[in-house]
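Asker: Using only what follows, build the 3D model:
(chains A and B)
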Number of protein chains: 2
Amino acid sequence: MTKEFFSVTPVETVFEYISEFPRTAVEKIGLLEAGGRVLAEKIVSDIDLPGFDRSTMDGYAVRASDTFGASESNPAYLDICGSIAMGQKPEVAVSSGKAARIATGGMLPEGADAVMMIEHTSEIDDATIEVYRRVAPGTHVIQKDEDIRKNTLLLSPGRRLSPQETGIIAAMGKPVVRVYQKPVIGIISTGDEVVPADSIPETGCIRDINTYTLSAAIHLCGGTPRSYGIVGDRFGALLGTAQKAVAESDMVIISGGSSVGTRDLTIEVIEALSGARIRVHGLPVRPGKPTILAEAGGKSIWGLPGHVASAMVIFEVFVKPCIRHIGGEQAPSGKHYRIPATLSRNLSSAQGRIDYVRVRIVEKDGACFAEPILGPSGLIRTMLEADGLIKIGMNSEGLEKGANVLVMPFQS
Amino acid sequence: MTKEFFSVTPVETVFEYISEFPRTAVEKIGLLEAGGRVLAEKIVSDIDLPGFDRSTMDGYAVRASDTFGASESNPAYLDICGSIAMGQKPEVAVSSGKAARIATGGMLPEGADAVMMIEHTSEIDDATIEVYRRVAPGTHVIQKDEDIRKNTLLLSPGRRLSPQETGIIAAMGKPVVRVYQKPVIGIISTGDEVVPADSIPETGCIRDINTYTLSAAIHLCGGTPRSYGIVGDRFGALLGTAQKAVAESDMVIISGGSSVGTRDLTIEVIEALSGARIRVHGLPVRPGKPTILAEAGGKSIWGLPGHVASAMVIFEVFVKPCIRHIGGEQAPSGKHYRIPATLSRNLSSAQGRIDYVRVRIVEKDGACFAEPILGPSGLIRTMLEADGLIKIGMNSEGLEKGANVLVMPFQS
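Answerer: So this is what the prediction gives:
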């Protein structure tokens, strides 16, 4: 065991490295399954939407000029000239003094330029209505190209599709869509002290946690986790598993190795991988300083600290953006909100490093407070209580109670 | 076509009805697949965690009293009495004047009560170290039950599992966990004017959008969508499809029917379902007033407005909590954040109804602004631009520019 001095990589450089990894291949999928997937093509409107002048109310299609001057005390009288059937081109036309029954979503007949809401009319008999209000031309009508005009670029590649966006793709007549394949993320848990979740740990051992937290977190950010189990601190075994994982995955995460001994082993194994280049060995952040990022054959290999909280923080801040990037997502895309909050207590930090502090979000009287969860990063309990992270910058010695902070919520 | 007066149901009553629907059955799944699922059992710790006094640093296990008085200028000298192997019970004990090499995660040997960080030591030779700092008992050590004590209730049924929570379940030795089944949500799109997404709409027709937006939104809140396609405005056809959907699903959403004619048909069909009781027919909200909620055989049946934006708003505000409820989620559970923001313009409303206004969230200089997206609820474009909703209460006539609002983000 020797002392170890990290030559840390600036955070901006890490994100540059991340942006250089190639994206996954493109596949076609049914639009019903496309929510949450990353679009890999342009969506251009093939039609005007709605495509016809469309009523937004139940009522009567009229000529607006026939209603000018109408009021409760002085109604206008119009002859009913027919009804508009839904989904069909109207057979009637509306001339002066006439009105046609129309439902929400119906197509405006020729001659009509507005819709009078049914609430503002009264049927005198089958053939005549009283009208109590005046309407301007265009009232309660969506013009044929008011929503979307033909040949408009609606969505660009790299967007993670929201429900609404799948809706707009449906409106454009594309029941099949090209998306990036979900990146497959291999997970290897290391450490002689780590035992499977279904075993009773001997004294000095601890059950594997990171495989589970990482799998669930990978799912949430659009990847497909693949567990390669637990490997002890033996070079040959870890190299063999890492080779297999790199061959089968788009990214590999080796978690554990919080001790110098295991860390040394992890870096040696990564260096031994065919074509591997170490990009990052140490970050100016806390927790998570001993993070490793390497590249082999265009794939990223992350060495995460074994402490549960450290691994989660590094995952949130660096690995998640990397998974999103290789999964095709363009930044900024999707809505990864930060929540403005008021810090509930003083926090100290040190210049020269970035602190990511776990916080609980508490909503009180319409305001949000960020309450730091303190404790060693080896305590899983601290992660359980935290809702997100706040960042204390490189050049700050801390934050004061009452400071405005932006919380990066987990699972956002 | 007749005028229609809704006797609207208070929003609080709707949520009471929602809370009465039964939850889905319970199933066992592998913990690797449990992220995002709703826990259906208690998780009680079966062990102390970490279970042994554990080092949080690389360094030397020492007796703290041996370091009292040590400093850079006046180091203490300790004899190295051995090394602690990871995952094993230490074979050495630390007596006064001794130190044992220990790595992060290692088990403290008998006699030691603190860990001296390697950075504060120097090896004189193989057998002796210099120590430059003093440590108090317990320094850099997690006590055997400091993280979690045996028999502590950690998680209760009804929690939607975060990655960290799956981790704590792993730590408790449960690789299989009981969760609520994902509710199956049947979707029926209605309207004579609605045509499939893969067709070229005739004049007066419009492609089906709601099946896609709803499917994606159901996925996001933990349900399994099942599309029953598009049904025209014919009683027999819609009843047949609704019967099949109710039989096969935990909830059915009938979307479309924004016109009075279709709405009348939807309510007639729902009334004709075996054992159906109409619970809600009209809500004091905008958009989405003509919403229907019925119950048949313990299953919820929703009639949503056909307008894309109206359907999405009602889904977000009412249907999503209903899906979460029947899927086993206890409120409050999971973290469904609202984002504090400043309103960017005046908004008018009317007393006696709740307005849900679509807004875009814009982050400027660390502050969040909510920018209302205005336009008829028939425009899908307005939904595309919106990030979430703000609520203008029943007794408010509007909100002023600069008001503090809480945004309910979509997909939260």
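Asker: Now the residue of the stretch 201-350 of chain A at minimum distance from chain B: closest residue in space, sequence neighbours ignored.
Answerer: With CB to the nearest CB, the shortest gap between the stretch 201-350 of chain A and chain B falls at residue A:216, namely 2.6 Å. (Glycine included, C-beta is placed from N, CA and C.) Setting aside the residues directly before and after it, residue A:216 is nearest to residue B:35 in space (CB to CB, 6 or more residues apart in numbering or on different chains), at 2.6 Å.
Asker: can you confirm the residue of the stretch 201-350 of chain A closest to chain B is in a strand?
Answerer: No. Going by DSSP: H, G, I helix; E, B strand; the rest coil, the assignment for residue A:216 is helix, not a strand.
Asker: Spit out the contact partners of it.
Answerer: Contacts of residue A:216 were listed using CB atoms under 8 Å, 6 or more residues apart in numbering or on different chains, and they are B:34-36, B:161-163, B:166-167.
Asker: Quick one: low-confidence residue ranges for the stretch 1-150 of chain A.
Answerer: For the stretch 1-150 of chain A, residues meeting the criterion pLDDT under 70 lie at A:1-6.
Asker: now with 50?
Answerer: Within the stretch 1-150 of chain A, the segments meeting pLDDT under 50 span A:1-5.
Asker: Which parts of it are strands?
Answerer: Taking DSSP state E, counting those that start in this stretch as the criterion, the stretch 1-150 of chain A carries its strands at A:26-30, A:43-44, A:54-55, A:59-62, A:76-83, A:98-102, A:114-117, A:121-125, A:128-131, A:141-142.
Asker: which of these sits most buried?
Answerer: Ranked by average neighbour count under the criterion mean count of other CB atoms under 10 Å in any protein chain shown, the strands of the stretch 1-150 of chain A are headed by strand A:59-62 at a mean of 30.
Asker: Grab the nearest non-local neighbour of residue A:81.
Answerer: residue A:98 (4.2 Å).
Asker: what's across from that neighbour in the sheet?
Answerer: Per DSSP bridges, the residues bridged to residue A:98 are residue A:79.
Asker: Can you verify my assumption that residue A:206 contacts residue A:194?
Answerer: Yes. Applying CB atoms under 8 Å, one finds residue A:206 in contact with residue A:194, separated by 6.3 Å.
Asker: okay, the strands of the stretch 1-150 of chain A in JSON lines with distance to residue B:57 next?
Answerer: Putting the strands of the stretch 1-150 of chain A into JSON lines (distance: least, CB to CB, whole Å) gives the following:
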{"stretch": "strand A:26-30", "distance to residue B:57": "46"}
{"stretch": "strand A:43-44", "distance to residue B:57": "53"}
{"stretch": "strand A:54-55", "distance to residue B:57": "68"}
{"stretch": "strand A:59-62", "distance to residue B:57": "75"}
{"stretch": "strand A:76-83", "distance to residue B:57": "81"}
{"stretch": "strand A:98-102", "distance to residue B:57": "76"}
{"stretch": "strand A:114-117", "distance to residue B:57": "73"}
{"stretch": "strand A:121-125", "distance to residue B:57": "80"}
{"stretch": "strand A:128-131", "distance to residue B:57": "83"}
{"stretch": "strand A:141-142", "distance to residue B:57": "66"}
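Asker: Now do the domain split for chain A, please.
Answerer: As given by automatic domain parsing, the domain ranges for chain A are A:11-25+A:182-326, A:26-49+A:156-180, A:54-142, A:339-409.
Asker: quick one: terminal-to-terminal distance for the longest one?
Answerer: This means domain A:11-25+A:182-326. One end of domain A:11-25+A:182-326 sits 19 Å from the other (CA to CA, to the nearest Å).
Asker: And it, how far out from the chain middle?
Answerer: From the chain centre to the centre of domain A:11-25+A:182-326 is a distance of 23 Å (CA atoms, centre = their mean, to the nearest Å).
Asker: for stretch A:159-167, same thing?
Answerer: 10 Å.
Asker: near chain B, anything from that stretch?
Answerer: Yes. For stretch A:159-167 and chain B, the contact criterion (CB under 8 Å from any CB of the partner chain) is met by A:161-167.
Asker: Kindly report the same for stretch A:138-152.
Answerer: Yes. Part of stretch A:138-152 sits near chain B under the criterion CB under 8 Å from any CB, namely A:142, A:146-148.
Asker: cool, stretch A:180-197 as well?
Answerer: Yes. Using CB under 8 Å from any CB, stretch A:180-197 reaches chain B at A:191-197.
Asker: Could I get the CA-only coordinates of that stretch as PDB?
Answerer: Coordinates of the C-alpha atoms in stretch A:180-197 are reproduced here as PDB (Å, rounded to 0.1, in the frame of the first residue of the first chain):
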ATOM      1  CA  TYR A 180     -31.300   5.200 -31.100                       C
ATOM      2  CA  GLN A 181     -30.800   1.800 -29.600                       C
ATOM      3  CA  LYS A 182     -30.900   1.800 -25.800                       C
ATOM      4  CA  PRO A 183     -27.300   1.600 -24.700                       C
ATOM      5  CA  VAL A 184     -26.400  -1.600 -22.900                       C
ATOM      6  CA  ILE A 185     -24.500  -0.900 -19.800                       C
ATOM      7  CA  GLY A 186     -22.400  -3.700 -18.200                       C
ATOM      8  CA  ILE A 187     -22.000  -3.500 -14.400                       C
ATOM      9  CA  ILE A 188     -19.200  -5.300 -12.600                       C
ATOM     10  CA  SER A 189     -19.100  -5.200  -8.800                       C
ATOM     11  CA  THR A 190     -15.700  -5.700  -7.300                       C
ATOM     12  CA  GLY A 191     -14.200  -6.200  -3.900                       C
ATOM     13  CA  ASP A 192     -13.200  -9.200  -1.800                       C
ATOM     14  CA  GLU A 193     -15.600  -8.000   0.900                       C
ATOM     15  CA  VAL A 194     -18.600  -7.900  -1.400                       C
ATOM     16  CA  VAL A 195     -21.000 -10.800  -1.200                       C
ATOM     17  CA  PRO A 196     -24.300 -11.500  -3.200                       C
ATOM     18  CA  ALA A 197     -27.500 -10.000  -1.900                       C
END
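Asker: Having no further points to raise, I will conclude here.
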